[in-house]
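Asks: Just need the structure, nothing else, for what follows:
(2 chains)
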Amino acid sequence: MNATYDAIVVGGGHNGLVTAAYLAKGGEKAGKNKLKVLVLERYHKVGGAAMSEEIYPGFTYSTCSYVCSLLRPEIFRFLDLPRHGLQVIPYEINSAPNPEGEGIITYRDHDRTRESLRRHSIKDAEAYDHYAMEISRQCRFIKPLLMVTPPDPTALNPFAQNRINPWGKRADLDGLLKIAAEFGRMGDKQMYEIIRFWTMSIGDFLDEYFEHPRWKGFSAASSIIGTALGPYSPGTAYVLLHHYMGEVDGQIGAWGFARGGMGSVSKAIASAAMEAGAEIRTNAEVDKIIVKNGKAIGVTLKNGEEIYAKTVVSNLDPKRTYLKLVEKSDLDAIDPDIHSYAKNFKIRGSSGKLNIALDGLPQFAGLPKEAAWGTIDIGGDFDYIEHAYDDYKYGSWSKRPFLDCVIPTTVDPTMAPPGKHFMSVFVQYVPYKLAEQPWTPDMKAAFEKDVLDTIEENAPGFRKLILHCQTRTPWDIENEVGLTEGNIFQGELTLDQMLFNRPFPGLGQYRGPFDNFYMCGSGTHPGGGVMGAPGANAAREMLKDFKNGVVKAGAGR
Amino acid sequence: MTHVQHLKPFLRKTPFFEPIDRLMHGNGWIRWMGYYSPAFFDSEQSEYFATRHGASVYDVSPLIKYAIRGKDAARFANYLVTRDLTKVKPMQAAYTAWCDDDGKMIEEGTIFRLGENDFILNAALHQLHWLDESAYGFDVEIEEISDQLAGLSLQGPTSREILQQMGVQGIEKLPHFGIMETTVDGHWLRIDRAGFTGDLGYELWVKPQDGIWLWETLFRIGDPYKIAPMGSQALDWLRIEAGFILVDADYTGSHHALRPTSRVSPFEAGIGWCVGLKKDAYFVGKRALRAEKEKGLSRHILIGIEVEGRKPAPGSFLYADRAGKQEIGITTSAMWSPGLKKNIAFAKVPPSFVKPGTQMWIEIWYPKEHKIERSMVKCWAANRMFYDPPRKKA
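Replies: The predicted model follows:
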């Protein structure tokens, strides 16, 4: 049972690929400790939820994730992704149509935004300055936390039995002091604000600034996307931050389209990984992680093949990893708590996806033409969203859902034939399990109809433009992409599942319960979105272990 | 498609846009809070000198104006700003700062008292949100009335004569920071004797529909008095000479500061004189400002400095020693003053360096024939009000 590889990455999503690339390059000081890496992907191509596929002839769909902002600039630069073909084109408009009147639209240009908001409420237009500044301050605090391993305060206990950091506790102390210093620098008021902001609901937060109901509903969009929470559920304000802390070229909060669809992100990272020497095998589904004497030593594929490695790192979500790939007995031998942590991990799917090929550009009600360039959020006030959430709570999709739509083909000439468009429709809220019955083709068709009706209402004439529509429920997303319950973040982004508690208490530093086992997906800190940070952070921790002799390198050599 | 073809123009035009546009030979439009605003017409130098030897006209319509009215307006305004407004009578204006609870400056500007309970706050930044929040418990109405008034700033030694010739009765009696309302040729006109140039000057406010009348009348009558239109570049020189600070240039408004440490108090901004610690009523930030004053907590003070040589020194570091070992501060605004023939700047320095005459060193990087060169020269603390002619208040 000689280890053939230094590391096996289970799952070729964008984070797994980032981990593979970093390991193969030997970490940020490239060339020092190059590892022999194998990526195993179940599907016939890599990417996971950052995927472009031609589902309808001539049209490239971003089948899951659809916009790019969170991808860390450090990773972008270190892996030289532009050379590997990745181009992210920022867009500068966000809007919400209104079938009964004027819609809401914001621009990159602050003055233009103010002019636009003034038509709805002078008060809100003026409060927007304060609100935007507050969000910037919050982003400023969280940004330095993204590309670091979350320090675990329990590591300060000299008698601690945890396995967080086997080669030294100094890093945790340093990390905590750094966060404390950063926290202190925020100033008294902001220190209070941060705690409030991380725990409060977006509804309460927006109520402090704004009066116009539709504007508030529009502003809340980023805080409910991907969560199983309503606008007045505590913790949603943080989710807003999670969507704002991204950047394009240093511009905080900006979002962009990856040229050629989101698959271009994965493709570029995979290309960087392969250039560095990583091996990628597709159509290779991992069935089990082989654990021996409390050590991960390799994996068994679905076809029975066994591959051995010094380390195994899982890009899959925590539930899938610990409940499907790992034997319960192996877990219990280490710590009986872990199985129940995995079982109780919150990973409720709440969103569906429609990918639509269009014969022309739709015109949205109450919005100027340029709105089609950016995100178009179909919704309404808090009541609208709360009602949408109510349907979900009781086990149905929202009959009138909240929709986050983008039409990347307004700028991307590569994804559809000239004059035609691809529209990505993110649907909130859709349950993984329906209350009455399982997802059947009939139910799916009824769901699709409700979504299309909602779009038609907000963009009259839309239906006539449809050439093809691919509909995905959370159930489909779990089965086709592998995200448990179809949760886009690999686990709810609430404070109880964040920082050193992500994914589970005691396993917050990318190391698994077994020796030589690691996690690198969005289920680890700092969480979901096509960010790459979990992947890069995990690789750094792994390389530290190799360097400190916890794992001995030199597989197969 | 891309979006640009579909965007509609949105920058707003003040009532003076058309006459200004006709005179704008160098394509000098810039934006000011969502409005078109002239940066220069032909040459900023000639516009600067016009203000110092004749008169200049600058469009101040984009200033953000908040009307504060209602039963508690006087009480509220006095609570909002740092100056003691009980000493400001109706039809008087006052320059003041207003702060957050920590005594850090949100902004500074003029407040007009038009009646017992009738005020206008002139601001450069939008802040209705803050005003509304602060007004909790006061019986006041706050309204943004920026669009209801069009304004021209008429500044320079001949400004008074021009207004006299225009037929403004009693303009010679209007004191510095006084306000008057009158009618000329059947047009309502409000005049306050203030400005941003440190010279004799007035701000003229009319109803927007009378803007063109005001502009044309001024230039018709002002011609023999050497009247000229002016843009913001010349204005910037004038205000530096006059020692006037500018938000976002010399300090960051506390609501726009990302870091709490980048906020400044009025003492630190060098306008401590407009903090009325002695006023009876409480005002926002009073407690913190009193503590700062009593305990000497100011971290730095924005002072004027004079710099050796002719190289303007914007964004330059100041040192206590020639070797540049002990860094003490940085300049904010800086210029070579063509009128005073001095190299002047505003600089943030520790309180121990503010005494006029205190010598410091300054490191200036300047472009020279496609290279950047460095010089380390002497500078010394000076009264920030570099230019203060008697006619300003006479």
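
Asks: What strand or helix carries A:K29?
Replies: Counting by DSSP states H and E, there is no helix or strand that carries A:K29.

Asks: so what's it scoring on pLDDT?
Replies: pLDDT for A:K29: 72.

Asks: could you measure it against A:Q509, distance?
Replies: As defined by C-beta to C-beta, to the nearest Å, A:K29 lies at a distance of 21 Å from A:Q509. Quick note: C-beta positions are derived from backbone N, CA and C, even for glycine.

Asks: Neighbour count for these two, which is higher?
Replies: Between A:K29 and A:Q509, A:Q509 has the larger neighbour count (other C-beta atoms under 10 Å in any protein chain shown), namely 27 against 9.

Asks: List the contacts of the residue of the stretch 451-557 of chain A found nearest chain B.
Replies: Residue of the stretch 451-557 of chain A nearest chain B, by C-beta to the nearest C-beta: A:L465 (15.0 Å). Contact analysis of A:L465 by C-beta atoms under 8 Å, 6 or more residues apart in numbering or on different chains lists A:L358, A:D359, A:G360, A:P362.

Asks: Can you name the residues bridging to the first one?
Replies: Going back to what we said before, that points to A:L358. A:H421, A:I466 (DSSP bridges).

Asks: List the contacts of it.
Replies: Neighbour list for A:L358: A:I407, A:A416, A:K420, A:H421, A:F422, A:M423, A:L465, A:I466, A:L467 [criterion: C-beta under 8 Å, 6+ apart].

Asks: and with 6 Å instead?
Replies: Listed by C-beta atoms under 6 Å, 6 or more residues apart in numbering or on different chains, the contact set of A:L358 reads A:H421, A:M423, A:L465.

Asks: how near is the second one to A:S398?
Replies: It refers to A:M423. A:M423 is 19 Å from A:S398, by C-beta to C-beta.

Asks: Kindly indicate the member of the contacts of A:L465 with the most neighbours.
Replies: Among those, the one with the most neighbours (other C-beta under 10 Å) is A:P362, at 26 neighbours.

Asks: Mind putting the contacts of A:L358 into TSV with pLDDT and distance to B:H300?
Replies: Listed next are the contacts of A:L358 as TSV, based on pLDDT from 0 to 100; distance: C-beta to C-beta, whole Å:
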residue	pLDDT	distance to B:H300
A:H421	97	56
A:M423	98	54
A:L465	97	61
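
Asks: between those, which is nearest B:G285?
Replies: A:M423 (51.2 Å; C-beta to C-beta).

Asks: Pull up the residues of the stretch 1-150 of chain A that are close to chain B.
Replies: Proximity of the stretch 1-150 of chain A to chain B (C-beta under 6 Å from any C-beta of the partner chain) is limited to residues A:D111, A:R112, A:E115, A:I122, A:E126, A:A127, A:D129, A:H130, A:M133, A:R137, A:R140.

Asks: By neighbour count, which of these wins?
Replies: Most surrounded of these: other C-beta under 10 Å gives A:A127, at 26 neighbours.

Asks: what sits against it?
Replies: A:Y209, A:F210, B:H129.

Asks: Could I get the phi/psi values of the closest residue to chain B within chain A?
Replies: Chain B sits closest to A:G187 of chain A, with a gap of 2.7 Å, by C-beta to the nearest C-beta. Note on A:G187: backbone dihedrals following degrees, to the nearest 10 are phi 90, psi 160.

Asks: one step back: including pLDDT, could the contacts of A:L465 go into a markdown table?
Replies: Below are the contacts of A:L465 laid out as a markdown table (pLDDT from 0 to 100):
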| residue | pLDDT |
| --- | --- |
| A:L358 | 97 |
| A:D359 | 97 |
| A:G360 | 96 |
| A:P362 | 96 |
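
Asks: hey, what's A:A96 bridged with?
Replies: Bridge pairing for A:A96 (DSSP bridges) gives the partners A:I104.

Asks: hang on, isn't it packed against A:S219?
Replies: No: counting by C-beta atoms under 6 Å, A:A96 does not reach A:S219; the two are 9.6 Å apart.

Asks: among the residues of the stretch 1-150 of chain A next to chain B, which are in helices?
Replies: Within the residues of the stretch 1-150 of chain A next to chain B, residues falling in helices by DSSP state H are A:D111, A:R112, A:E115, A:I122, A:E126, A:A127, A:D129, A:H130, A:M133, A:R137, A:R140.

Asks: And those, which is closest to A:P90?
Replies: Set against A:P90, the nearest of those by C-beta to C-beta is A:R112 (16.0 Å).

Asks: burial measure for residue 344, as a count.
Replies: In the absence of a named chain, this looks at chain A. By other C-beta under 10 Å, the residues close to A:N344 number 9.

Asks: oops, I was thinking of chain B
Replies: 26.

Asks: how close does it sit to B:G315?
Replies: 15 Å.
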